[in-house]
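Engineer: based on what follows, work out the 3D shape:
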Amino acid sequence: MKQHLPLSPRALNMARHHAEHAPTPEIREAASRLLTDHELAIAMGRPLHRAVPRPTFRTSRPSPLGPNLTGLLLGALALLGFLFVATVLWAHATDVAETMRQQANGMRGM
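Structural biologist: Prediction:
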C-alpha cells in the first residue's frame, strides 16, 4: 500500500525544486522525471518507514438510525407531503366546482 508523505502541495513542489538542483546527478535525474513519493522521500532524506499517512476527513456523519431507516423515514415524509398537497388541491377543486354550480343555479332562476 502506498503511503502518503505529510507534505502539502506547496512543500511537494518546493522539494521537487530542491531535488532538481541537488548536488548528485541521480537525484537530478529522478527530479527530471516526475518524482514518486518514494524517490522524493529519498531525495529529501525522509525515510518512508517514518512517514505518517495524511489524515482523512469524513464529509458527513452517518445517521444514528441507519441508512435503511433514514430512507424509509424520508420516503414516508415525502408521501405525507404529497398526500397533503393532493388533499388541498382536491378540496379547492371541489369548492370551485360547488361555487360554479351555485352560480349556475342562481342564473337559471333569473
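
Engineer: make it CA atoms for all contacts and neighbour counts henceforth
Structural biologist: Noted.

Engineer: what's the mean pLDDT across the helix or strand hosting residue 16?
Structural biologist: Using DSSP states H and E, residue 16 falls within helix 9-20. Helix 9-20 shows a mean pLDDT of 73.

Engineer: for it, buried residues please.
Structural biologist: 12, 15, 16, 18, 19, 20 (16 or more other Cα atoms under 10 Å).

Engineer: and that helix, what does it pack onto?
Structural biologist: helix 25-32, helix 37-44 (3 or more Cα pairs under 8 Å, 6 or more residues apart in numbering; DSSP states H and E).

Engineer: among those, which gets the worst mean confidence?
Structural biologist: Looking at these, the bottom one is helix 37-44 with a mean of 62.

Engineer: which SS state does residue 86 fall under?
Structural biologist: Using DSSP: H, G, I helix; E, B strand; the rest coil, the structure places residue 86 in helix.

Engineer: renumber starting at 29 from here on
Structural biologist: Taking 29 as the first residue, the last one we looked at is residue 114.

Engineer: find the least confident helix or strand in the chain, judged by mean pLDDT.
Structural biologist: When the helices and strands of the chain are compared on mean pLDDT, DSSP states H and E, helix 65-72 comes out lowest with a mean of 62.

Engineer: how about residue 108, phi and psi?
Structural biologist: phi -60, psi -40 (degrees, to the nearest 10).

Engineer: pLDDT wise, what is it at?
Structural biologist: 97.

Engineer: okay, now it: neighbour count?
Structural biologist: Residue 108 has 12 neighbouring residues, counting by other Cα atoms under 10 Å.
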